[in-house]
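> I need the structure of the sequence given here:
(one chain, ligands or ions: 1)
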Amino acid sequence: MSADTPLSKERPNPAVDGSELIRFDRVVKRFGANTVLDELDFSVASGKHVTLIGPSGSGKTTILRLLMTLIKPDEGTIKVGGAYLTHEEKNGRLVPAGEKHVREVRKNIGMVFQQFNLFPNMKVLRNITEAPVTVLGLPKDEAEQRARDLLDLVGLGDKCDAYPTQLSGGQQQRVAIARALAMRPQVLLLDEVTSALDPELVAGVLDVLRDIAHTTDITMLCVTHEMNFARDISDQVLMFDAGRVIESGPPEKIFSDPEHERTREFLSAVL
Ligand code: ADP
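Here you go, the predicted structure:
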């Protein structure tokens with residue numbers, strides 16, 4: 001992607017040097033008696049596209065929700081871009097992160113949800129400019145220019161003045177992608193972004209994401225049931241079962257020659 005495109009970086013992005021952007025260290029997450037993540041260790045290198053696959057209930061969405069700080073781990077640490085998301089360092093000691101610290105680290109993370117979650121009372125353009133203006137302090141005209149460029153990128157340059165309800169589900173999801181990108185996050189989290197869409201609208205959304213994956217250096221962490229999409233965009237696929245990564249590797253290996261019996265069973269059920 002050239003320097004003047006919507007995703008060009010205004011601030012230096014450590015993303016593309018192959019260093020670790022996300023790190024989970026012995027993360028435990030329980031809901032009551034249910035241990036959903038069981039001393040989970042994993043990392044995502046910057047600039048890479050990583051897809052989480054595995055049976056329903058294996059903990060994939062929980063990982064994204066932890067990264068968005070919608071929930072907290074019971075044990076372990078999570079780092080994003082070299083800073084702890086779960087903790088902060090005070091007088092040389094690690095203490096649970098305060099709200100201000102969490103807000104700062106979370107600025108590096110964008111997420112697209114299954115259900116779009118657009119603001120229904122705001123026009124499309126304002127949906128995209130709201131957070132850059134209020135959270136990043138971007139001047140309104142700059143935020144609007146950024147939003148227009150991103151709407152062009154997702155093929156909706158003519159929908160600035162529409163309200164979300166006037167758009168199809170696929171179009172709403174493309175606006176949600178533009179909205180996440182408007183914050184210039186280092187990492188984009190994608191949580192089954194096509195599962196709420198009518199089948200004929202899925203391809204348009206996946207094409208936009210493929211384009212972003214192939215033409216930008218943004219790090220992506222996806223949960224998806226779209227195995228062809230996972231195969232196309234992933235540098236690495238992680239197979240989850242019962243809150244642990246049981247197998248990982250490049251998509252050509254995982255999809256064609258998996259090592260683990262559970263991976264074979266899962267893929268034969270979904271492919
Ligand atoms: P996946 O994304 O792999 O389908 P999830 O991460 O959504 O799995 O869920 C993992 C497990 O955690 C499931 O057993 C689910 O029921 C449980 N779970 C997730 N969120 C909550 C919650 N807020 N309260 C109680 N249980 C939850």
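> helices or strands up against the helix or strand that contains residue 103?
Element membership for residue 103, per DSSP states H and E: helix 99-106. Secondary-structure packing of helix 99-106 (3 or more Cβ pairs under 8 Å, 6 or more residues apart in numbering; DSSP states H and E): strand 83-84. Any C-beta I mention is one placed from the backbone N, CA and C, and that applies to glycine too.
> what's the next secondary structure element after the strand it packs on?
In N-to-C order, the element after strand 83-84 by DSSP H and E is strand 87-90.
> parallel or antiparallel, which strands does that following strand pair with?
strand 93-96 (antiparallel) (DSSP bridges).
> and the strand it pairs with, average pLDDT?
For strand 93-96, the mean pLDDT works out to 89.
> how many neighbouring residues does residue 190 have?
Neighbourhood size, residue 190 [other Cβ atoms under 10 Å]: 27.
> correction: residue 162
The burial count for residue 162: 16, using other Cβ under 10 Å.
> name the SS class of it, please.
Following DSSP: H, G, I helix; E, B strand; the rest coil, the label given to residue 162 is coil.
> picking that back up, list of residues touching the helix holding residue 103?
Here helix 99-106 makes contact (Cβ atoms under 8 Å, 6 or more residues apart in numbering) with 68, 69, 80, 81, 83, 84, 85, 88, 97.
> can you tell me which two in these are farthest apart?
68 and 88 (17.8 Å; Cβ to Cβ).
> residues in contact with residue 29?
35, 36, 37, 59, 62, 66, 71, 73, 74, 243.
> quick one, longest helix in the chain?
Identified as the longest helix of the chain according to DSSP state H is helix 199-215.
> and stretch 225-242, how far out from the chain middle?
Chain-centre distance of stretch 225-242: 13 Å, with Cα atoms, centre = their mean, to the nearest Å.
> dump the contacts of residue 29 to JSON lines, plus neighbour count and distance to residue 150.
Formatted as JSON lines, the contacts of residue 29 follow (neighbours: other Cβ atoms under 10 Å; distance: Cβ to Cβ, whole Å):
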{"residue": "35", "neighbour count": "15", "distance to residue 150": "40"}
{"residue": "36", "neighbour count": "19", "distance to residue 150": "34"}
{"residue": "37", "neighbour count": "24", "distance to residue 150": "33"}
{"residue": "59", "neighbour count": "23", "distance to residue 150": "31"}
{"residue": "62", "neighbour count": "22", "distance to residue 150": "29"}
{"residue": "66", "neighbour count": "22", "distance to residue 150": "27"}
{"residue": "71", "neighbour count": "13", "distance to residue 150": "29"}
{"residue": "73", "neighbour count": "20", "distance to residue 150": "32"}
{"residue": "74", "neighbour count": "13", "distance to residue 150": "37"}
{"residue": "243", "neighbour count": "23", "distance to residue 150": "35"}
